[in-house]
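> no sequence for this one, just the structure:
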């Protein structure tokens, strides 16, 4: 399917997949494609790096492989392709993970909790936030140059 693909077509394609391969060799900040796959109940075979390794639980919501190791990736893909029953279980676990952590409602709740905690904490840093400016001002008034 060359060219741009609509969001609806992407969801249809992912839902029809047995699994998603996320073969990044870089430390990704957050694998949105992984979460989208989880939302569709599709397990993910991901590089064992950074957030990918944290999001995908090896053996539960998908599998890890060593980044850059084609033989390891091929072995995981072959295993997954030949075990559709296990993949169905991983897909259900992936969907449960999505429901528990990544829905809009869940993220809104978590964000509001963070805001509440921030508002409830006393402003401990108010005086230290002014200190660097005061120090710079005292250096300038004493004739010392800033380094």
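Right, received. Where do you want to start? Quick caveat, the model's predicted, so the values are computed rather than measured.
> switch to C-alpha atoms for all contacts and neighbour counts from now on
Noted.
> Sticking with the residue most central in space within the chain, tell me its helix or strand.
Centrality entry for the chain: nearest residue to the mean C-alpha point is residue 30, 3.3 Å, by CA atoms, centre = their mean. Assigned by DSSP states H and E, residue 30 falls within no helix or strand.
> show me the contacts for it.
By CA atoms under 8 Å, 6 or more residues apart in numbering, the residues touching residue 30 are 51-52.
> any idea which element the residue lying closest to residue 18 once chain neighbours are set aside lies in?
Counting by CA to CA, 6 or more residues apart in numbering, residue 18 lies nearest to residue 42, which is 6.5 Å off, once chain neighbours are set aside. Using DSSP H and E, residue 42 sits within no helix or strand.
> so where's the protein uncertain?
The model of the chain has pLDDT under 70 over residues 1-2, 123-147.
> returning to that earlier point: against residue 122, how distant is the residue nearest to the centre of the chain?
32 Å (CA to CA, to the nearest Å).
> how about the strands in the protein?
All strands of the chain, identified by DSSP state E, fall at 20-22, 44-47, 62-65.
> how far is the first one from where the chain is centred?
This means strand 20-22. 14 Å (CA atoms, centre = their mean, to the nearest Å).
> just stretch 44-51 next, same as before
On the basis of CA atoms, centre = their mean, stretch 44-51 sits 10 Å off its chain's mean C-alpha point.
> neighbours around residue 53, how many?
A total of 17 residues lie near residue 53 under the criterion other CA atoms under 10 Å.
> Next, the contact list for it, please.
The contact partners of residue 53, taken as CA under 8 Å, 6+ apart, are 46-47, 64.
> can you tell me how far it sits from residue 109?
Using CA to CA, residue 53 is found at 25 Å from residue 109.
> Redo the strands of the chain as TSV? Include distance to residue 85.
Shown next, in TSV, are these (distance: least, CA to CA, whole Å):
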stretch	distance to residue 85
strand 20-22	16
strand 44-47	15
strand 62-65	13
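> which one of the ones you listed is the most hemmed in?
Each of the strands of the chain was scored by mean neighbour count; the highest is strand 44-47, a mean of 28, by mean count of other CA atoms under 10 Å.
> by contact count, what packs against that strand?
strand 20-22, helix 32-39, helix 50-55, strand 62-65 (3 or more CA pairs under 8 Å, 6 or more residues apart in numbering; DSSP states H and E).
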